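Student: Okay, here's the prediction I keep looking at, along with the sequence it came from:
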Amino acid sequence: MSKWENCAKRFPYRTSITEPKREHLSIAFDDYFVATEKGQHFIFARLGETPLWSAGPEHPWRDLEDNEPVRDEFLTAKFLDKEYIDNLHPLKGTGQYQGKEVKYSITRNCWVYLNNRTVHVHGTSASETPESPTDDDTARVEEILERTETTVSSTIQKLQAISRPASPAIQAGPSHTRAPVQASSLPTPPVSKGKAPAPIPPQSRTPTFRSSAPKASTSQGPVQAPPPQPAAPRPPPGPPPPNPPAAGAMAQQNQPHILGTAPDPYDGSPEKASAFWNTLANYYTINDAVYATDTQKVSSALTYFKIGTPGGNWASDLMHTALNANPVNYGTWNEFKAAFEKQFIPPAAQMEAIAKMHNTSMGTKDFATWFLEWSTQAR
């Protein structure tokens with residue numbers, strides 16, 4: 001296993017890199033990651049086969065093996081002809097050559113001007129320097145504008161070709177749907193020879209309701225319509241229905257109540273770690289009806305760490321990792337417990353507690369007293 005692989009295995013708690021930390025990286029680095037250790041963030045990088053580390057932009061890069069600061073000559077070892085560059089920035093790989101801004105290209109392994117033309121550092125003739133970067137940029141802009149104009153013109157022609165045949169098709173549509181409705185398309189009944197034409201059957205119409213009373217004889221004169229009957233009175237309105245119970249009141253009745261007292265915010269002190277964890281575990285045990293899943297327990301437990309302390313920084317890193325996962329993943333309660341013990345409970349304290357568990361004998365004590373002492377160490 002290489003030195004870099006050992007470094008990655010030694011610091012497993014990763015976090016995302018921020019923009020200030022990214023500015024602190026060198027373009028010559030072959031790999032990097034950001035990890036948390038005891039509530040603090042550190043940047044680890046590999047230059048060749050050498051692992052390096054730094055505490056942030058305001059701190060130097062150091063060798064991971066001997067913890068000595070790394071000199072600029074080591075950081076710029078990959079930069080060829082760096083002795084000809086003025087104001088060389090060891091991390092960004094930028095500077096000036098003969099008064100012109102240049103930068104180092106890792107992929108091309110040479111110095112280039114800002115227009116990506118190669119710098120010939122061993123020559124002094126004018127042909128080896130960018131004669132007219134302004135003309136070159138102007139040519140590129142003109143080429144881009146010409147391509148854009150051609151693309152826009154082609155798109156407009158295609159849209160016009162598509163829109164022209166569509167207009168008559170839309171206007172002709174209704175004429176086809178109205179044609180079958182004309183009366184001339186109805187069939188004409190046959191006419192028998194020497195007789196009057198057969199009557200045309202009446203077209204179906206909407207039925208109308210008529211009075212079922214027999215028609216009076218025409219000799220008796222017109223029939224008068226009966227007087228209108230008075231409308232039946234409306235029944236009195238009934239009592240209004242009872243109001244249903246509010247949904248919020250029903251939800252409050254079914255919601256379980258919080259029991260006990262939540263632990264005080266933890267600041268990351270090793271001597272307070274065991275007491276804080278016991279209080280936290282007991283709080284979620286008596287409120288298992290409220291915190292029914294591991295996600296609810298872990299996400300809520302991370303809020304009981306004091307902001308601005310090593311404990312708060314550690315909890316913030318776990319929140320960041322969980323919220324950036326897709327989907328959001330806080331892990332299990334047992335994983336959270338193992339991570340807490342590894343971070344805040346010193347191995348010496350764990351070994352001392354295990355030793356006391358083995359050495360706590362019952363003797364002449366009653367079982368309740370002995371079990372209380374033993375379980376104190378087991379926590």
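Tutor: Thanks, I have the structure now.

Student: what helices or strands is the one helix or strand Gln296 maps to leaning on?
Tutor: Per DSSP states H and E, Gln296 falls inside helix 294-301. The contact analysis (3 or more CB pairs under 8 Å, 6 or more residues apart in numbering; DSSP states H and E) places helix 294-301 against helix 270-286, helix 310-324, helix 333-344. C-beta coordinates here come from the backbone N, C-alpha and C atoms, glycine included.

Student: pull the CA atoms of the first one into CSV?
Tutor: In CSV, the C-alpha atoms belonging to helix 270-286 read as follows (Å, rounded to 0.1, in the frame of the first residue of the first chain):
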residue,chain,number,x,y,z
PRO,A,270,-13.7,13.9,26.3
GLU,A,271,-14.5,14.0,30.1
LYS,A,272,-18.2,14.8,29.3
ALA,A,273,-18.6,12.4,26.5
SER,A,274,-19.9,9.4,28.5
ALA,A,275,-22.3,11.4,30.5
PHE,A,276,-23.7,13.2,27.5
TRP,A,277,-24.2,9.9,25.5
ASN,A,278,-26.0,8.2,28.5
THR,A,279,-28.4,11.1,28.8
LEU,A,280,-28.9,11.2,25.0
ALA,A,281,-29.6,7.5,24.7
ASN,A,282,-31.9,7.5,27.7
TYR,A,283,-33.9,10.5,26.2
TYR,A,284,-34.5,8.6,22.9
THR,A,285,-35.4,5.4,24.7
ILE,A,286,-38.2,6.9,26.7
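
Student: Now that helix: average pLDDT?
Tutor: The average pLDDT for helix 270-286 rounds to 93.

Student: low-scoring pLDDT stretches of the protein, where are they?
Tutor: The model of the chain has pLDDT under 70 over residues 123-139, 163-233, 235-254, 347-358, 362, 366-368, 370-372, 374-379.

Student: From one end of stretch 295-315 to the other, what's the distance?
Tutor: 14 Å (CA to CA, to the nearest Å).

Student: what's next to it, contact-wise?
Tutor: The contact list for stretch 295-315 (CB atoms under 8 Å, 6 or more residues apart in numbering) reads 36, 38-41, 262-269, 280, 284, 290-291, 316, 318-319, 322, 330-333, 336, 343-344.

Student: picking up where we left off before, list the buried residues for the helix holding Gln296?
Tutor: 295, 297-301 (16 or more other CB atoms under 10 Å).

Student: Mind putting those into a markdown table with distance to Lys9?
Tutor: As requested, the buried residues of helix 294-301 are exported to a markdown table (distance: CB to CB, whole Å):
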| residue | distance to Lys9 |
| --- | --- |
| Thr295 | 28 |
| Lys297 | 29 |
| Val298 | 25 |
| Ser299 | 28 |
| Ser300 | 31 |
| Ala301 | 27 |
